[in-house]
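1. sequence-free structure coming up:
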């Protein structure tokens, strides 16, 4: 079995790397007539530095899976140009990969070493040094090359920020395509219209991300990415994407606590992409998101006291229930949950009525033998006071006349109940 690999698709389509590796391997096998070429496993555009060639759909990954499943006969030979074709992930991880192949009773031939390493040959110091050296040098070469590329990229980015050079990365948002001939990014008109519609719905129609997603799905407007349908995250990412105003924000991979994350790499480059949204509209959207985050951070400091905060859950999906415009709504609706909204005032009434019920007071009394009458009355009074505060605040925050009328009727009821309990407390 031959294994050939190049890291980039351009090397596979324009270069001779794969062909050269195969020819060298075939020449090597001429010295070993006991082996007959059975198959060739190839990875075109798979990085060994990031172990992409070990994926299930990759050539090397497929070969190892076949060997582990018994589809490749023991004592078969895997021929490589060099160890770095197999792995560039370093000596420790690379040694585990070699052991994984040897455990399948597969021999490995390295053309550059002009040597066959047999699976059943143990404790050969010379072979261990050769393999470890190959793994070490392969990783070192890729690490150095990676650092050089990063440094070159940093220089190009800084020159582009200063306007000294015209730099274009192939990476681009979904509404653009990279033009190989001109080196520019061309607009995809049908996708641009969808992005413009999202901003229009957010700014003019005052729709949130979930409602916009439902609006687009209901009208069978296909996502501009590879997603099957529009979701909150799809819409949110388009509204946050700085590329809509022509900016390119370079990012880099950073390892933190064992995980790799993307972080901004310096300031954005302006006039990089063709702009499709005005700066004023983009900044207006970002301001709305910022205000929403501030409101969320305030949490319990907000004026409205939602009695169901952190305790009310949806009966259908189990997610938390949130208060919005006089209703309790599943936080997963309307995209992923079909549960209907409930009038907040009705739910609150049910809760406060239960707090005042004999069964609840009996539970309180039975749970503590020394509970006082004052504590019992306060247990009845506090929910009513919070309900009054909620209703007063809600009347100022909603526009639906029917909902406002319901809140007013509830306030009238509370004005009768609260004084009665306060009078009893005053006599204690």
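-> Thanks, I have the structure now. Note that the structure is predicted; figures quoted are calculated from it, not measured.

2. Only C-alpha atoms from now on, for both contacts and neighbour counts.
-> Noted.

3. mean confidence score for stretch 38-49?
-> The average pLDDT within stretch 38-49 is 90.

4. First-to-last residue distance for that stretch?
-> Chord length of stretch 38-49, first to last residue, is 28 Å (Cα to Cα, to the nearest Å).

5. Just the buried positions in it, please.
-> The neighbour-count criterion (16 or more other Cα atoms under 10 Å) identifies 41-49 as the buried residues of stretch 38-49.

6. now do stretch 196-204
-> Buried positions in stretch 196-204, judged by neighbour count with 16+ other Cα under 10 Å: 198-199, 201-203.

7. From those residues, pick the one nearest residue 323.
-> Residue 323 lies nearest to residue 202 out of the buried residues of stretch 196-204, by Cα to Cα, at 20.4 Å.

8. Quick check: the closest one vs residue 285, distance?
-> Applying Cα to Cα to residue 202 and residue 285 gives a distance of 8 Å.

9. Check residue 314 too.
-> For residue 314 relative to residue 285 (Cα to Cα), the value is 30 Å.

10. same deal with residue 346?
-> Counting by Cα to Cα, the gap from residue 346 to residue 285 is 34 Å.

11. Do a quick rundown of the strands in the stretch 251-400 of the chain.
-> Using DSSP state E, counting those that start in this stretch, the strands of the stretch 251-400 of the chain run over residues 251-256, 259-264, 321-324, 327-330, 342-343.

12. Check these for me and report the most buried one.
-> strand 327-330 (a mean of 22; mean count of other Cα atoms under 10 Å).

13. who's in contact with that strand?
-> Applying Cα atoms under 8 Å, 6 or more residues apart in numbering, the contact partners of strand 327-330 are 313-314, 319-323, 337, 339-345.

14. go on, stretch 220-230?
-> Defining contact as Cα under 8 Å, 6+ apart, one finds that stretch 220-230 is touched by 174-175, 191, 194, 213-214, 216-217.

15. Can you give me the buried ones in that stretch?
-> Buried residues in stretch 220-230, counted by 16+ other Cα under 10 Å: 223-224, 229-230.

16. how long is it end to end?
-> Stretch 220-230: ends 10 Å apart by Cα to Cα.

17. circling back: quick one: which of residue 314 and residue 285 has more around it?
-> The neighbour comparison of residue 314 against residue 285 (other Cα atoms under 10 Å) goes to residue 314, with 19 against 16.

18. hey, where'd the helices end up in this structure?
-> 9-14, 17-29, 59-68, 83-86, 91-102, 125-161, 189-203, 209-218, 232-240, 279-298, 344-356, 358-367, 373-397, 401-426 (DSSP state H).

19. export those helices to JSON lines and tack on distance to residue 2 and mean pLDDT?
-> Putting those into JSON lines (distance: least, Cα to Cα, whole Å; pLDDT from 0 to 100) gives the following:
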{"stretch": "helix 9-14", "distance to residue 2": "16", "mean pLDDT": "73"}
{"stretch": "helix 17-29", "distance to residue 2": "7", "mean pLDDT": "91"}
{"stretch": "helix 59-68", "distance to residue 2": "10", "mean pLDDT": "93"}
{"stretch": "helix 83-86", "distance to residue 2": "11", "mean pLDDT": "91"}
{"stretch": "helix 91-102", "distance to residue 2": "14", "mean pLDDT": "93"}
{"stretch": "helix 125-161", "distance to residue 2": "18", "mean pLDDT": "85"}
{"stretch": "helix 189-203", "distance to residue 2": "44", "mean pLDDT": "96"}
{"stretch": "helix 209-218", "distance to residue 2": "49", "mean pLDDT": "94"}
{"stretch": "helix 232-240", "distance to residue 2": "43", "mean pLDDT": "94"}
{"stretch": "helix 279-298", "distance to residue 2": "54", "mean pLDDT": "80"}
{"stretch": "helix 344-356", "distance to residue 2": "69", "mean pLDDT": "79"}
{"stretch": "helix 358-367", "distance to residue 2": "77", "mean pLDDT": "63"}
{"stretch": "helix 373-397", "distance to residue 2": "71", "mean pLDDT": "80"}
{"stretch": "helix 401-426", "distance to residue 2": "74", "mean pLDDT": "85"}
